[in-house]
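Asker: missing the sequence, but the structure's below:
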Ligand SMILES: Cc1ncc(COP(=O)(O)O)c(C=O)c1O
């Protein structure tokens, strides 16, 4: 039995199940991947890698892009090329998927967790400024955390759920102290901050193309920057730091973080459809907004007037004091109706995997974690399926 026969025998998911978020594959994916197979260019170099890098740089508005095996490796390399050294500190959002905090540890540095602001749920720029101006001291060469004595070497704002972080105050204080800003724009591909594409605004931007992102390569990542020297160094570090490709001579420890041509081919096909995918996500958000806005205790995601959100993930808050149901109760009831939903991530300052003793308090991240629930929002979500989700929520929380 070959694998296609085997997979054909796996029963399809039942027709009434509404998943949280699944890939949308309806463009040139088959054609480009077949081209790789037909030409034997399936591995870690090839024209699709080059093309995917060009297209990604074009979307971010940067001069350079370096493809990586996933988003976490892009973040790891971004921290290294930005000069983060062991025992440095990096300011990062507390309310995020764990990858950026882990990447900081891979570089031997320590995360300082910054709270979310309560309106758009993004890294709070006021707390960043307050921490750098008052929680740190200038030693003549660098900023040092007053509490830990460690050097603060970078700021890593994570644009979550498709909405931008308010970057200007962060960029201003970063410039004052010559600290690089690394945007984790993984959840913000296609979104804009003051009409600029996320990822291309700070000194480096990172993306992931894992299965639930707005475009996917199955697994993959990208680092974008306007700093050609940093881009060249990122390419070097992601390709095993090879100094002589014939003699295999290495002067540094490198990483095998390359994206294959096969996956880059899928990325090229997916990025061609990005605008249509953003539009679909925004339509889904509009329908949820129209249907759910008046439910008591339900807070819907807002879009700042300086933002274009993709609503990559459609997440609402359930205020348990004003609603008939709390977020986890709603999750359980919707699960019983075969509708998949999910809370946000445990905030990083609560994670026992990470040390938050040098971080300021993060009360808003705690509240958001308790109240948030993400609803089905695949690009291909049908109106019928969305109506089912809406009716179920209106029945449970109305
Ligand atoms: C904000 C954020 N950063 C980084 C990652 C990690 O990307 P990857 O899974 O491609 O390593 C993810 C999701 O997976 C994410 O949501």
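Answerer: Structure's in. What do you need? Computed from a prediction, not measured in an experiment: that's the story for all the values here.

Asker: all contacts plus neighbour counts: C-alpha atoms, from now on.
Answerer: Noted.

Asker: residues in contact with residue 300?
Answerer: Residue 300 sits next to 289, 292-293, 315-317 when contact means Cα atoms under 8 Å, 6 or more residues apart in numbering.

Asker: Repeat the analysis, applying 10 Å as the threshold.
Answerer: Remark: with contacts taken as Cα atoms under 10 Å, 6 or more residues apart in numbering, residue 300 is in contact with 285, 288-289, 292-294, 314-318, 372.

Asker: quick one: the residue of the stretch 251-398 of the chain found nearest the ligand and residue 255, what's the gap?
Answerer: Closest contact between the stretch 251-398 of the chain and the ligand, by Cα to the nearest ligand atom, is at residue 345 (9.7 Å). Distance of residue 345 to residue 255, computed by Cα to Cα, to the nearest Å: 28 Å.

Asker: okay, and the helix or strand of this protein with the least pLDDT?
Answerer: Ranking every helix and strand in the chain by mean pLDDT, DSSP states H and E puts helix 3-9 at the bottom, with a mean of 54.

Asker: buried set for the helix or strand just after that helix?
Answerer: For helix 3-9, the following helix or strand on the C-terminal side (DSSP states H and E) is helix 29-39. By 16 or more other Cα atoms under 10 Å, the buried positions in helix 29-39 come out as 29, 32-33, 35-36.

Asker: Please apply the same query to stretch 383-398.
Answerer: Neighbour counts using 16+ other Cα under 10 Å place 385-386, 388-390, 392-393, 397-398 of stretch 383-398 among the buried residues.

Asker: Filter those down to just the ones in helices.
Answerer: 385-386, 388-390, 392-393, 397 (DSSP state H).

Asker: so who does residue 138 touch?
Answerer: For residue 138, the contact set (Cα under 10 Å, 6+ apart) comprises 132, 144-146, 151, 177.

Asker: Next up, phi/psi of it, please.
Answerer: Backbone geometry at residue 138, expressed as degrees, to the nearest 10, gives phi -90, psi 120.

Asker: can you check the one 10 residues further on too?
Answerer: Dihedral pair for residue 148: phi -100, psi -20, per degrees, to the nearest 10.

Asker: What of residue 218?
Answerer: Torsion angles, degrees, to the nearest 10, at residue 218: phi 80, psi -60.

Asker: quick one: contacts for the residue of the stretch 251-398 of the chain closest to the ligand?
Answerer: By Cα under 10 Å, 6+ apart, the contact set of residue 345 is 94-98, 351, 365, 368-370, 372.

Asker: Is it within a helix or a strand, and which one?
Answerer: With DSSP H and E as the test, residue 345 turns up in no helix or strand.

Asker: secondary structure class for the closest residue to residue 260 other than its chain neighbours?
Answerer: Closest residue in space to residue 260, ignoring its immediate chain neighbours: residue 44 at 4.1 Å, by Cα to Cα, 6 or more residues apart in numbering. At residue 44 the chain is in coil, as set by DSSP: H, G, I helix; E, B strand; the rest coil.

Asker: tell me, how many neighbours does residue 44 end up with?
Answerer: 19 (other Cα atoms under 10 Å).

Asker: What pLDDT is listed against it?
Answerer: Residue 44 carries a pLDDT score of 91 in this model.

Asker: Give me every residue in the stretch 101-250 of the chain lying close to the ligand.
Answerer: Contact residues, the stretch 101-250 of the chain versus the ligand (Cα under 6 Å from any ligand atom): 158, 184, 186-187, 208-210, 219-221.

Asker: Between which two of those residues is the distance greatest?
Answerer: 158 and 219 (19.2 Å; Cα to Cα).
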